[in-house]
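> got a predicted structure plus its sequence, pasted below:
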Amino acid sequence: MTGYGGRRGQAERDAITVEIGYALCSALFAAAVVFGAVAGPALLFELPDTVAVLLLRTGLVLAPVLFFARVVSVLVRFRRTAQPSQPGRTSPDS
């Protein structure tokens, strides 16, 4: 934002949109990889029923948790680095 309570410019809105898209896509990919790594053996191999159910449920729990954690971490990191500490300056030392 250009100031406290000011409106965002088009470039700032575009940057936020791109960052949200990146956060969602990277989180989806990470969650799919974790689900495949954890639940994949249960889907590919003949395993005892208890082991197969345990792997599937673990994958179904870990994937959304990782998805949420990835989205939050990317967006929090973007928010921290999006604005300089002082308007017009790129670092506190300048």
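Ah, there it is.

> next, the buried residues of the one helix or strand R57 maps to.
Using DSSP states H and E, R57 maps to helix 49-82. Residues of helix 49-82 classed as buried by neighbour count (16 or more other CB atoms under 10 Å): 52, 55-56, 59, 62-63, 66-67, 70-71, 74-75, 78. (C-beta placed from N, C-alpha, C; glycine too.)

> buried residues in stretch 35-44?
Buried-residue list, stretch 35-44, by 16+ other CB under 10 Å: 35, 38-39, 42.

> how far does that stretch sit from the chain's center?
Centre-to-centre, stretch 35-44 and its host chain are 22 Å apart (CA atoms, centre = their mean, to the nearest Å).

> and for stretch 14-28?
Counting by CA atoms, centre = their mean, stretch 14-28 comes out at 8 Å from the chain centroid.

> give the buried residues for that stretch.
19, 23, 27.

> got a markdown table for these, with pLDDT and secondary structure too?
Below are the buried residues of stretch 14-28 laid out as a markdown table (pLDDT from 0 to 100; DSSP: H, G, I helix; E, B strand; the rest coil):
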| residue | pLDDT | secondary structure |
| --- | --- | --- |
| E19 | 91 | helix |
| A23 | 92 | helix |
| A27 | 95 | helix |
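
> burial measure for A31, as a count.
Look at A31: counted by other CB atoms under 10 Å, it has 21 neighbours.

> any stretches of the protein with poor pLDDT?
1-6, 81-94 (pLDDT under 70).

> correct me, but F78 touches T17?
No - using CB atoms under 8 Å, F78 is not in contact with T17; the gap is 11.4 Å.

> what is the three-state secondary structure of L47?
With DSSP: H, G, I helix; E, B strand; the rest coil as the basis, L47 sits in coil.
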